[in-house]
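Participant: sharing a sequence plus its predicted fold:
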Amino acid sequence: MRIAFELNGEPVDPDVDGDMPLLWLLRDVLDLTGTKYGCGAGLCGACTVHLDDEPVRACQVPAREVEGRRVRSIEGLSVDGDHPLQRAWVELQVPQCGYCQSGQIMAAAALLARHPRPTPGQVDAFLSGNLCRCGTYPRLRAALARASGERDGP
């Protein structure tokens, strides 16, 4: 079936199985490999993207559910990697292995869109939903603080 939707600000209409998870539509059909496969069960957050500006686990969203909607992947967060979160991630050397980081950044972008200066409780809630096997949570906190303009951190 053809599924028409907006991806990173551009219209697309790939011909795919409507049951295919959005994750595989992005990675295998549209060749946007920044969104990672982590667990396939919606538990780890590595595949977090925005669907109509809300963070979702791409491994859990059937392709048919994005018909007529807006999807933003890590590739669409900023054209040149100059989003405040991306800059903070680089400046503070957040990633170790980096595998979870696109999902972390997309979840953080959704958090900052809702709460430009998140409280420690809001940051804790964010961190609880995306797993980092390397344990870079202190650097994640610092990067969120920097991106929100609070240099001392939440």
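Facilitator: That came through fine.
Participant: just the CA trace of stretch 8-16, in PDB.
Facilitator: In PDB, the C-alpha atoms belonging to stretch 8-16 read as follows (Å, rounded to 0.1, in the frame of the first residue of the first chain):
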ATOM      1  CA  ASN A   8      11.500  15.600   8.100                       C
ATOM      2  CA  GLY A   9       9.500  18.300   6.400                       C
ATOM      3  CA  GLU A  10       9.200  16.600   3.000                       C
ATOM      4  CA  PRO A  11       6.300  14.700   1.500                       C
ATOM      5  CA  VAL A  12       6.900  10.900   0.900                       C
ATOM      6  CA  ASP A  13       4.700   8.100  -0.200                       C
ATOM      7  CA  PRO A  14       6.500   4.800  -0.200                       C
ATOM      8  CA  ASP A  15       4.800   1.600  -1.200                       C
ATOM      9  CA  VAL A  16       5.100  -0.700   1.800                       C
END
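Participant: so which bits of it are buried?
Facilitator: Along stretch 8-16, the positions that meet the burial threshold by neighbour count (16 or more other C-beta atoms under 10 Å) are 8, 12, 16. In this view, the C-beta of every residue, glycine as well, is placed from N, C-alpha and C.
Participant: distance of the first one from L32?
Facilitator: Distance, N8 to L32, using C-beta to C-beta, to the nearest Å: 8 Å.
Participant: quick check: neighbours shared by the two?
Facilitator: 73, 75 (C-beta atoms under 8 Å, 6 or more residues apart in numbering).
Participant: what helix or strand is the residue most central in space within the chain located in?
Facilitator: When C-alpha atoms, centre = their mean is applied to the chain, the residue found nearest the centroid is M106 (2.5 Å). Assignment of secondary structure by DSSP states H and E places M106 within helix 101-114.
Participant: R139: which of the buried residues of stretch 8-16 is nearest?
Facilitator: Of all these, N8 has the smallest distance to R139: 26.5 Å, by C-beta to C-beta.
Participant: OK, contacts around that closest one?
Facilitator: Contact partners of N8, counting by C-beta under 8 Å, 6+ apart, are 32, 71-73, 75-76.
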